[in-house]
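In: got a predicted structure here, sequence first:
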Amino acid sequence: MKKSSSHINKEKVVVAVRDLYKSFGNNHVLRGINLDIREGENLVVLGRSGTGKSVLIKIMAGLLKPDRGMVQVLGQEVDKLSVRALDALRLKIGFSFQHSALYDSMTVGENLAFPLQRNSKNLSSAEVKRQVERVLDAVGLSQTIHQLPAELSGGQRKRIGIARTLIMRPAIMLYDEPTAGLDPITSMDINNLINEVQQQYHTSSVIITHDLTCAKATGDRIAILLDGQFAQIGLFEEVVQNSTNEQVKSFYDYNFIE
Ligand SMILES: Nc1ncnc2c1ncn2[C@@H]1O[C@H](COP(=O)(O)OP(=O)(O)OP(=O)(O)O)[C@@H](O)[C@H]1O
């Protein structure tokens, strides 16, 4: 089903990237990246392994420093922020990393309460409980509140990881390969969850994936990262199904499209 784009505010840019460069020694990973993420949109980044997709979102979150160029997140230039201002900005950015582990010895409820208690010290325990229940309901796993992570399936752990991020009510979500390692049905559940998060929490998101089904289901726009630059950015139909860009077309020769 085609996604509605009514939730996107095209006038407002929440992440602006300009002429961004990043190398590691002789490995010139990002070579002039330009990108705008609009308020409320899900932007999918596709590209082969090692092209710098994770590096790009780490720079957005201030976890890596760029060599050159500008990254502005929610109106602030990430690179120029003090440690304290960067910490404050990071609270508005939710990461769902591929291997973001839950604490094994804590129950699901305790795992979810943890970031809230650490970052919002004035909350009463009743309020923490209420927010934990709300976010668990949002990811459809209310029944797991007293379970340990080891008792959950891979897909459920992924959902709880997303819930733990959502509990801080981020404005921006960064998903690094959200469906990696999941079977097709569980992947579809995660794709639906990403779209529900967008609708219910009004987040703007960057979704890094190799999974074209995920890209099609979640992406309002798709950006193709090739040789350190975005070769094309547009609708799935424009950049995946009907691209006229030879570089982009050769990228899909290696992929299977549903
Ligand atoms: N901290 C680092 N130090 C040195 N090299 C790094 C560092 N982080 C990333 N790289 C290199 O940058 C390149 C891009 O890595 P990145 O993880 O962004 O790729 P990716 O596109 O996300 O790949 P994948 O799809 O496999 O996850 C790789 O060659 C990687 O080895």
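Out: Okay, I see it. Numbering: from 1, shown residues only.

In: every contact and neighbour count from this point should use C-alpha atoms.
Out: Fine.

In: looking at the protein, which strand is longest?
Out: Taking DSSP state E as the criterion, the chain has its longest strand at strand 9-24.

In: any idea of the mean pLDDT in that strand?
Out: Across strand 9-24, the average pLDDT comes to 94.

In: listing partners with orientation, what would you give for that strand?
Out: strand 27-39 (antiparallel), strand 68-73 (antiparallel) (DSSP bridges).

In: can you pull out the helices in the chain?
Out: 53-60, 83-90, 108-119, 125-138, 154-166, 184-201, 212-218, 236, 246-252 (DSSP state H).

In: contacting residues around the last one?
Out: Contact with helix 246-252 is made by 47-48, 224, 226, 231-232, 239-240, 243, as judged by CA atoms under 8 Å, 6 or more residues apart in numbering.

In: using PDB, write out every CA atom in that helix.
Out: The C-alpha trace of helix 246-252 is given here as PDB (Å, rounded to 0.1, in the frame of the first residue of the first chain):
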ATOM      1  CA  GLU A 246      23.200   4.000 -14.800                       C
ATOM      2  CA  GLN A 247      25.200   4.000 -11.500                       C
ATOM      3  CA  VAL A 248      22.000   3.500  -9.500                       C
ATOM      4  CA  LYS A 249      20.700   0.800 -11.900                       C
ATOM      5  CA  SER A 250      24.000  -1.200 -11.600                       C
ATOM      6  CA  PHE A 251      23.600  -1.100  -7.800                       C
ATOM      7  CA  TYR A 252      20.300  -3.000  -8.100                       C
END
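
In: number the chain from 23, please
Out: From this message on, residue numbering opens at 23, which makes the last subject helix 268-274.

In: anything in that helix near the ligand?
Out: No: using CA under 6 Å from any ligand atom, we find that helix 268-274 stays clear of the ligand, coming within 13.4 Å at best.

In: and for the nearest residue to I184 once chain neighbours are set aside, the neighbour number?
Out: Nearest residue to I184 in three dimensions, chain neighbours excluded: S118, at 6.0 Å (CA to CA, 6 or more residues apart in numbering). The burial count assigned to S118 is 23, neighbours taken as other CA atoms under 10 Å.

In: does S118 touch L196 like I think?
Out: Yes: with contact defined as CA atoms under 8 Å, S118 counts as touching L196 (6.0 Å).

In: where does pLDDT dip in the stretch 173-280 of the chain?
Out: When residues are selected by pLDDT under 70, those of the stretch 173-280 of the chain lie in 274-280.

In: can you put the helices of the chain in a markdown table and add mean neighbour count?
Out: Shown next, in a markdown table, are the helices of the chain (neighbours: other CA atoms under 10 Å):
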| stretch | mean neighbour count |
| --- | --- |
| helix 75-82 | 20 |
| helix 105-112 | 14 |
| helix 130-141 | 19 |
| helix 147-160 | 17 |
| helix 176-188 | 23 |
| helix 206-223 | 17 |
| helix 234-240 | 21 |
| helix 258 | 20 |
| helix 268-274 | 14 |
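
In: any chance of these in JSON lines, with distance to V35 too?
Out: JSON lines is the format used below for the helices of the chain (distance: least, CA to CA, whole Å):
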{"stretch": "helix 75-82", "distance to V35": "14"}
{"stretch": "helix 105-112", "distance to V35": "16"}
{"stretch": "helix 130-141", "distance to V35": "27"}
{"stretch": "helix 147-160", "distance to V35": "26"}
{"stretch": "helix 176-188", "distance to V35": "21"}
{"stretch": "helix 206-223", "distance to V35": "16"}
{"stretch": "helix 234-240", "distance to V35": "19"}
{"stretch": "helix 258", "distance to V35": "20"}
{"stretch": "helix 268-274", "distance to V35": "26"}
